[in-house]
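K.L.:
the following block contains a protein sequence and its predicted model.
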Amino acid sequence: MKALAIRPRQPRTLHLIEHPTPSVADVEEGRGVLVLVLRVGVDGTDKELHSGDYGEAPPGEDVLIPGHESLGVVVETGPAVPREVSPGQLVVATVRRPGGSIYDQIGLQDLSTDDAYWERGISRLHGFLSEYYVEDHRYLVALPGALNGVGVLLEPMTISEKAVRQAFEIQRRLKVWSPRRALVLGAGTIGLLAALVLRLRGFEVVVAARRAAPYRNSDLVELIGGAYATTEEVSLATLSDHRGPFDLILEATGFSPLAFEAAEVLAKNGVLVLLSVTGGERRAEVSTDAINQGFVLGNKVMVGSVNAAREDFERGVDDLVKAEALYPGWLASLLNVPVHGLESHERLLAELFENREAIKVYVEVAAGKADKGGGG
């Protein structure tokens, strides 16, 4: 079968390969599911993998198939796979797989403390930029056929699903935490989906990003009842004075100084969740005394969140269905840059690195076959 591959930690090595087609027998105890790949979304992680910043090939191999945002349809199942996962069923695969830590052993691999982890398309496991993949049914999440046009957004949506779930889990300590106002930093795919998740939970939402409105992303924020602000024109402190204080802040910019500016405007008993993975050697002046005093006297929380658990995928499916009903066409508007076929990997890179108007670049791997997903 055809697949795209990189040589991990070597820059600019994305190329088309012929790779052995997997079989349901590759998964032990009859739990294997063969999946035809329909679409794969690409994001900043894939850019960094292509740039050679990180990544690790499966043991014994020298290439890694990237791509962790999948949408596929079941083709064949092993004898131990439950009936809910049957041929024709639309599915998305979770990303992280169990490692060796105590958290992995109890099914919380998204909270793993392992330095070397197992993650589809990123670390030690091939991803989904291929014609087929095989997976243990326990790591597949079923989608209704009505989501065949937008289901590839499920994995990026789970980042915010987990962030919100973790914030509420932490704030169980308060007994009666009832947050009302939320601030999302960043208006890319993650930021827009975060705004959607929060609006579906009844939050008043402000999205702040560098680019001045109006443009497609700011319009999308307003279409779901959120407000948009540009950080080039207004500080977070001013924004908090006018629209806050913010009980929950989700940071998805990749610009670390903004996270500490957000820490200064977080409301008492508030939660700031850091979602972006930053690299480089950026330095910034930080009001350490003000932040320290505010967090101590205000019982505030700053927490990092990476990857997602199965329950976040399942909640994400429910929210995708709700979003389609409440805001028809909104999710499809995010999928604004299709790339047709694995052979078009040069165009894929150009869109990913150069297209300023791209919200979600995705590859149509099996174009025209999405209507096969009819289960659920």
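P.N.:
That came through fine. In this text the structure is predicted, and so the values were computed from the model without any measurement.

K.L.:
from here on, contacts and neighbour counts on C-alpha atoms
P.N.:
Fine.

K.L.:
CA atoms only for the host helix or strand of E155 - export them in CSV, please.
P.N.:
According to DSSP states H and E, E155 maps onto helix 154-170. What follows is helix 154-170, C-alpha atoms only, in CSV (Å, rounded to 0.1, in the frame of the first residue of the first chain):
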residue,chain,number,x,y,z
LEU,A,154,-12.6,14.7,16.2
GLU,A,155,-8.9,14.2,17.3
PRO,A,156,-8.1,18.0,17.4
MET,A,157,-11.4,18.6,19.2
THR,A,158,-10.4,16.2,22.0
ILE,A,159,-7.6,18.4,23.0
SER,A,160,-10.1,21.0,24.3
GLU,A,161,-12.5,18.3,25.5
LYS,A,162,-9.8,17.0,27.8
ALA,A,163,-8.7,20.5,28.9
VAL,A,164,-12.3,21.4,30.0
ARG,A,165,-12.8,18.0,31.6
GLN,A,166,-9.5,18.4,33.6
ALA,A,167,-10.4,21.9,34.7
PHE,A,168,-13.7,20.7,36.1
GLU,A,169,-12.1,17.7,37.7
ILE,A,170,-9.5,19.9,39.5
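
K.L.:
mind giving me the packing neighbours of it?
P.N.:
Packing contacts for helix 154-170, counted by 3 or more C-alpha pairs under 8 Å, 6 or more residues apart in numbering; DSSP states H and E, involve strand 69-77, helix 189-200, strand 266-274, helix 310-326.

K.L.:
which residue packs closest to the most centrally placed residue in the chain, ignoring adjacent ones?
P.N.:
Nearest residue to the geometric centre of the chain (C-alpha atoms, centre = their mean): P156, 2.2 Å. Nearest residue to P156, sequence neighbours excluded (C-alpha to C-alpha, 6 or more residues apart in numbering): I190, at 6.2 Å.

K.L.:
flag every buried residue along stretch 141-155.
P.N.:
Residues of stretch 141-155 classed as buried: 141-148, 150-155 (neighbour count, 16 or more other C-alpha atoms under 10 Å).

K.L.:
over to stretch 115-126?
P.N.:
In stretch 115-126, counting by 16+ other C-alpha under 10 Å, buried: 117-126.

K.L.:
can you check stretch 21-39 too?
P.N.:
In stretch 21-39, the ones that count as buried by 16+ other C-alpha under 10 Å are 22-27, 30-39.

K.L.:
just give me the closest of those to G254.
P.N.:
Using C-alpha to C-alpha, R39 is the member of these that sits closest to G254, with 25.6 Å.

K.L.:
and the helix or strand hosting that closest one with strand 69-77, angle?
P.N.:
For R39, the host element (DSSP H and E) is strand 32-42. Interaxial angle, strand 32-42 versus strand 69-77 (axes from the mean of the first three to the mean of the last three C-alpha atoms, to 10 degrees): 160 degrees.

K.L.:
so what are the sheet partners of strand 32-42 and their directions?
P.N.:
Paired strands of strand 32-42, with direction, are strand 69-77 (antiparallel), strand 132-136 (antiparallel), strand 361-364 (antiparallel) (DSSP bridges).

K.L.:
and these: which comes nearest H340?
P.N.:
The closest of the strands paired with strand 32-42 to H340 is strand 361-364. By C-alpha to C-alpha, the value is 4.9 Å.

K.L.:
what's the average pLDDT for the closest one?
P.N.:
On average, the pLDDT along strand 361-364 is 98.

K.L.:
now do that strand: everything it contacts.
P.N.:
38-43, 335-342, 348, 351-352 (C-alpha atoms under 8 Å, 6 or more residues apart in numbering).

K.L.:
tell me the mean pLDDT over stretch 129-149?
P.N.:
The model assigns stretch 129-149 a mean pLDDT of 98.

K.L.:
what of stretch 236-252?
P.N.:
In this model, stretch 236-252 carries a mean pLDDT of 96.

K.L.:
CA atoms of that stretch as PDB?
P.N.:
Provided in PDB are the C-alpha atoms of stretch 236-252 (Å, rounded to 0.1, in the frame of the first residue of the first chain):
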ATOM      1  CA  LEU A 236      -5.200  40.800  28.000                       C
ATOM      2  CA  ALA A 237      -5.500  43.100  31.000                       C
ATOM      3  CA  THR A 238      -7.800  45.500  29.100                       C
ATOM      4  CA  LEU A 239      -9.700  42.600  27.700                       C
ATOM      5  CA  SER A 240     -10.300  41.200  31.200                       C
ATOM      6  CA  ASP A 241     -11.500  44.600  32.400                       C
ATOM      7  CA  HIS A 242     -14.000  44.800  29.600                       C
ATOM      8  CA  ARG A 243     -15.100  41.200  29.200                       C
ATOM      9  CA  GLY A 244     -13.800  39.300  32.300                       C
ATOM     10  CA  PRO A 245     -12.700  38.300  34.700                       C
ATOM     11  CA  PHE A 246     -12.000  34.900  33.000                       C
ATOM     12  CA  ASP A 247     -12.800  31.800  35.100                       C
ATOM     13  CA  LEU A 248     -11.200  29.500  32.500                       C
ATOM     14  CA  ILE A 249      -8.400  30.300  30.000                       C
ATOM     15  CA  LEU A 250      -7.300  27.900  27.300                       C
ATOM     16  CA  GLU A 251      -3.900  28.700  25.800                       C
ATOM     17  CA  ALA A 252      -3.400  27.400  22.300                       C
END
